[in-house]
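# requesting a structural model of the entry that follows:
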Amino acid sequence: MAKVVVIGAGGYSGAELVSILLAHPQAEIVGLFGSAKREQGGKAAAFSDSWPRFRGRLDLPVRATSIDEVAALKPDAVFLATPHEASLDLAPELLHRGLNVFDLSGGFRLKDASLYPKFYGFEHTHPQVLAAAVYGLPELNRDAIKNAAMIAVPGCYPTSAILPLAPLARSGAIAPGRRPIVDSISGVSGAGRSPSQAMLFAEVSVRAYNVLKHRHNPEIDAYAGTSVVFTPHIGPYDRGIVSTIHVELALGWTHARVSDTLAAAYSDESFVRLCPPGVWPAVNDVRSTNFCDIGWATDETTSHLVISSAIDNLTKGAAGQAVQCMNIRLGLPETMALLPGGAQ
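So this is what the prediction gives:
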């Protein structure tokens, strides 16, 4: 059994991790940690106090994070479902103790440290760890993940954009000098669990935000193989992302060639599903799964491709992808605990 620790267990991604790991036949949760404020009067609240649906299934205390306490548990995997700045401090210390780290924050996704002040608001103080971190998108980096101690789990929006775009960019399908346009809409869980007026039931609406300055734009640019124009939107539902992408195709590219390229990239992938012609991805079809569904159509008279994807932002966009990476790193079946209906 792989011993697993989750740091940041109080958030949506942390709870999703716990849910998946409890169903994992080769993983045991040995410790849960959070911020110091979770221990009041020296007593840590149970995880199930914050998440009552786990009552009787996981009543472990959520301790204030201590590197010494985490290391003493001798975990095979440590998940960081923490804010970016917290991961920046925690990951190097955990790596120094010889632990495998799976970071769900953006603290180690961008190789260019100079981008962090602009897009994340802090200076990156651990360039060596940043250089060693492997971007944890299995469909692109499976071999590197197998040997990595530091895995930067991709963001949810980037996952939904990179998976459709990367095979096309690699194959030269995108017209030179033309940036694909990525319009994405996410459920409110993507904003985290901290209360805010904009996320109240009576306030939330469909709207764009962080236009032309979202921190996921450089992440998409770095790993999709092409720079893009990315616009995120919030939607009045709890979880899931749909991304609709407009691509100007290079000379000689047809619908059949696009289809063949996507099939060659993903026909053997367990978690990427290519939709039949005329079928478009939907949030409900991927809810609480680790799937990315992709559909597309081509106007050959104008060489314009519309390609759409759907993922669950908390699963393939966060916790599910992190567990997929753990399975690869620890030599377990990649799909274990991640396919509907069983622990395959």
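# and the strands in the stretch 51-200 of the chain?
Assigned by DSSP state E, counting those that start in this stretch, the strands in the stretch 51-200 of the chain fall at 62-64, 77-80, 101-103, 134-135, 150-152, 181-186.
# which outside residues touch the longest one?
With C-beta atoms under 8 Å, 6 or more residues apart in numbering as the contact definition, strand 181-186 has outside contacts at 156-157, 160-161, 165, 206, 220, 228-235, 240-246, 313. C-beta coordinates here come from the backbone N, C-alpha and C atoms, glycine included.
# that one pairs with which strands, parallel or anti?
With DSSP bridges as the test, strand 181-186 is paired with strand 229-234 (parallel), strand 241-248 (antiparallel).
# note down every partner strand of the next helix or strand after it and its orientation.
Counting by DSSP states H and E, the next helix or strand C-terminal to strand 181-186 is strand 207-208. Using DSSP bridges, the strands paired with strand 207-208 are strand 229-234 (antiparallel).
# test of understanding: give the bridge partners of F102.
F79, I151.
# just give me the neighbour total for it.
Look at F102: counted by other C-beta atoms under 10 Å, it has 28 neighbours.
# next one: E203
Neighbour number of E203 under other C-beta under 10 Å is 10.
# now do the contacts for it.
The contact partners of E203, by C-beta under 8 Å, 6+ apart, come to Q197.
# begin at 56 from here
Okay, using 56 as the starting number, the last item reads as E258.
# let me know the distance separating it from P80.
As judged by C-beta to C-beta, to the nearest Å, E258 and P80 stand 42 Å apart.
# what's the answer for F163, then?
In terms of C-beta to C-beta, F163 sits 29 Å off from P80.
# likewise for G111?
Distance of G111 to P80, computed by C-beta to C-beta: 20 Å.
# so what pLDDT did L255 get?
What the model reports for L255 is a pLDDT of 72.
# my error: substitute R248 in the last question.
At R248, the pLDDT value in this model is 64.
# swap in W106?
You'll see W106 listed with a pLDDT of 87.
# show the backbone phi and psi for it.
Backbone dihedrals for W106, given as degrees, to the nearest 10, come out at phi -130, psi 80.
# now it. Nearest residue, chain neighbours left out?
Excluding the flanking residues, the one nearest W106 by C-beta to C-beta, 6 or more residues apart in numbering is A70, at 5.2 Å.
# cool, A204 as well?
N155 (5.4 Å).
# rewinding a little: and G350, which of the strands of the stretch 106-255 of the chain is closest to it?
Taking C-beta to C-beta, strand 236-241 is the member of those nearest to G350, at 14.8 Å.
# sec struct for the residue of the chain most remote from its centre, please.
Centroid-distance maximum for the chain: T356 at 35.9 Å, with C-alpha atoms, centre = their mean. When classified by DSSP: H, G, I helix; E, B strand; the rest coil, T356 comes out as coil.
# how does this structure divide up, domain by domain?
Annotated domains of the chain cover 57-209+372-384, 211-368 [automatic domain parsing].
# and the closest residue to L113 other than its chain neighbours, how far from A132?
Leaving aside its chain neighbours, L113 sits nearest to F102 (5.4 Å; criterion: C-beta to C-beta, 6+ apart). From F102 across to A132, the span is 18 Å (C-beta to C-beta).
# likewise for S325?
From S325 to A132 the distance is 20 Å (C-beta to C-beta).
# cool, and A199?
Per C-beta to C-beta, A199 is found 17 Å from A132.
# repeat for Y171
On the measure of C-beta to C-beta, Y171 and A132 end up 25 Å apart.
# please, where are all the helices along the stretch 256-399 of the chain?
Here the stretch 256-399 of the chain has its helices, by DSSP state H, counting those that start in this stretch, at 271-279, 310-321, 338-341, 375-384.
# please identify the most buried of these.
Highest mean neighbour count among the helices of the stretch 256-399 of the chain (mean count of other C-beta atoms under 10 Å): helix 375-384, with a mean of 26.
# what does the average pLDDT come to for that helix?
For helix 375-384, the mean per-residue pLDDT is 98.
# how far does stretch 159-168 sit from its chain's centre?
Here the centre of stretch 159-168 is set off from its chain's centre by 12 Å, with C-alpha atoms, centre = their mean, to the nearest Å.
# so how far is the first residue of it from its last?
18 Å (C-alpha to C-alpha, to the nearest Å).
# which residues sit against that stretch?
Applying C-beta under 8 Å, 6+ apart, the external contacts of stretch 159-168 come out as 63, 68, 134-143, 146, 171, 174-175, 178-179, 182, 184-186, 188, 190, 205, 207-210, 213, 270, 273-274, 277, 373-374, 377.
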